[in-house]
Each structure stands twice: as structure tokens, then as C-alpha cells.
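A.B. asks: what follows is a protein structure lacking sequence information:
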DNA sequence: ACGACACATAAGTTGTTGCTTATATATTGT
DNA sequence: ACAATATATAAGCAACAACTTATGTGTCGT
């Protein structure tokens, strides 16, 4: 899977406000589908579908524990997004170009 | 227009591969609608519509010169995206958290 | 003023997306 | 084994998104 495809999946996944909200919710800590369903005003299948999209984009992880399935943020998942940004760094104010260094360190 | 709305427009705009391609094309230099239409295999109205979406997201600027309309990247346009990323910096490897500093400098 | 050119907008069509309800699958406790 | 719980998948539907062609608007050259 090349970068372009990964970027496409990420932008696609994050284009939906509900999905961004679920993602943000997961940044506050691991949560089961049940928990997320309680937090948002959409059905459980809708939540599962959003989670599947986030997982497909590599933004979250799944962990089964008994009857529950816990999802949590996959930190490395946003890397394609950072790469995309870095690609256009030339258009930011000069000093921001230092993101390069951060990316290099991130790879290590 | 608050941050959430701005982020929504940006993610929405960048979710489409054609739009990302057009954006990338513009990073290589200012271009007229005519030029972009020649570069991509979609109709001129389609190009104009994509450009309108990018402009609505604050990612590009418009400049009229005679019959031509030139578009170019608006460097500050990606800031909401950086802000969004920065919001979840806690989930990246520690050293990447220094993006904070970059953002601060960017504001100045 | 008129024709040609560059672009934007309108209207219509088709595929996709995000939701719903209904149902299937997996796990647990009794 | 069975009922209850948690999640995923299927099917259907309404809204939307991305394109098309047709037309409107603005600018230039003659």
C-alpha cells in the first residue's frame, strides 16, 4: 500500500465529523463500542461502521476482551497525514520547515 | 467561523483525490483554470468546482488577470490541519510534541 | 459592437456515504 | 444448552458528492 492510498484512506476517514468526534473520544482513552454508542447519538451499528473506517485508515486499533471490543488510537496512524503536510512544507513560513527534523526522528 | 468548522471544510476539501491532485499541482506554481483543465482529465467546470471547494476551505487564493483567473496555494490555509494534528500530539512519540514550538512561532 | 476566449454557475445524472432496522456471530453466566 | 449481552454484518434508503452538458458572465481584440 503506497503513501497515496494511505493518505486517501486517512483523509476519507477524517472527512466525516462523526468519525473525527469518535477519534477524539478515543484519544481520551481506550473505549468499548458500547461506551462510544452511549456517548454519541447514533446507533451501535453506525458506531461500528465508523470504527471500521477508522481502523481501515490505520487510525485505531482493536482489542477483544470477552464480549467487549476495545478500540484505541494508533499513534503511528497519523503519520501519512504528517507526511502529506511535510510534502508542502515549502509553502509554510520558513521556520516551520523544521518539521523535517521531527519526521526524521519519528522514523527512528 | 470557529476551528471545528474550518477543520471540517479542510478535511472535506482534501478528502477528494482530484482536489488533492489539483492542490499539489498548484504547489508547483500559480496556474490558471485553463492550465489546470489541460493537466487533468476532467472538464473545465469540474476543475472550477474543485477550485471553489479548495478556496472555500481557505487552501487557495484567486487572482484575476484579464480573462484568466489564477489560483495559488494559500500557505496559511493548512493551519487548521496543523492545529488538529497538534491537538493529538500526546499520542505521537514524545519528541514530536515539539511541534508546539513550531506552531507558536508560526503565529508570530 | 461583436466574436472569441476564460471562467463560473445551473441543472441533471450517477455513484457513494452515512444512517437506519434487522439479523448474524461471538462470548459469558447460569 | 440457553438466555442475555456485545459487536459485526446485511440490506435498504435518503442525502450528498462529483461529474457531465448547457448556459451565463466577464474580458479582450478587432
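C.D. replies: Thanks, I have the structure now. Predicted model only: the values in this text are computed from it and were never measured. Residues are numbered from 1 along each chain as shown, chains lettered A, B, ... in the order given.
A.B. asks: quick check: mean pLDDT of stretch A:4-20?
C.D. replies: Stretch A:4-20 shows a mean pLDDT of 97.
A.B. asks: which residues of chain A fall in strands?
C.D. replies: With DSSP state E as the definition, chain A shows strands at residue ranges A:31-32, A:60-65, A:68-73.
A.B. asks: adding mean neighbour count, write those strands out as JSON lines.
C.D. replies: Where you see a C-beta, it was placed from the backbone N, CA and C, and this is true even at glycine. JSON lines is the format used below for the strands of chain A (neighbours: other C-beta atoms under 10 Å in any protein chain shown):
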{"stretch": "strand A:31-32", "mean neighbour count": "18"}
{"stretch": "strand A:60-65", "mean neighbour count": "13"}
{"stretch": "strand A:68-73", "mean neighbour count": "18"}
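A.B. asks: out of these, which is closest to residue A:86?
C.D. replies: Residue A:86 sits nearest to strand A:68-73 of all those, at 20.7 Å, using C-beta to C-beta.
A.B. asks: dump the strands of chain A into TSV; add mean pLDDT and distance to chain B as well.
C.D. replies: What follows is these, written out as TSV (pLDDT from 0 to 100; distance: least, C-beta to the nearest C-beta, whole Å):
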stretch	mean pLDDT	distance to chain B
strand A:31-32	98	14
strand A:60-65	97	11
strand A:68-73	98	5
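A.B. asks: out of the ones you listed, flag the one nearest residue A:4.
C.D. replies: Closest to residue A:4 of those, according to C-beta to C-beta: strand A:60-65, at 21.2 Å.
A.B. asks: now find how far off-centre that closest one is within its chain.
C.D. replies: Computed by C-alpha atoms, centre = their mean, to the nearest Å, the chain-centroid distance of strand A:60-65 equals 14 Å.
A.B. asks: close to DNA strand D: what parts of chain A are there?
C.D. replies: Residues of chain A lying near DNA strand D by C-beta under 7 Å from any atom of the strand: A:32-34, A:37, A:44-45, A:48-49, A:51-52, A:62, A:67-70.
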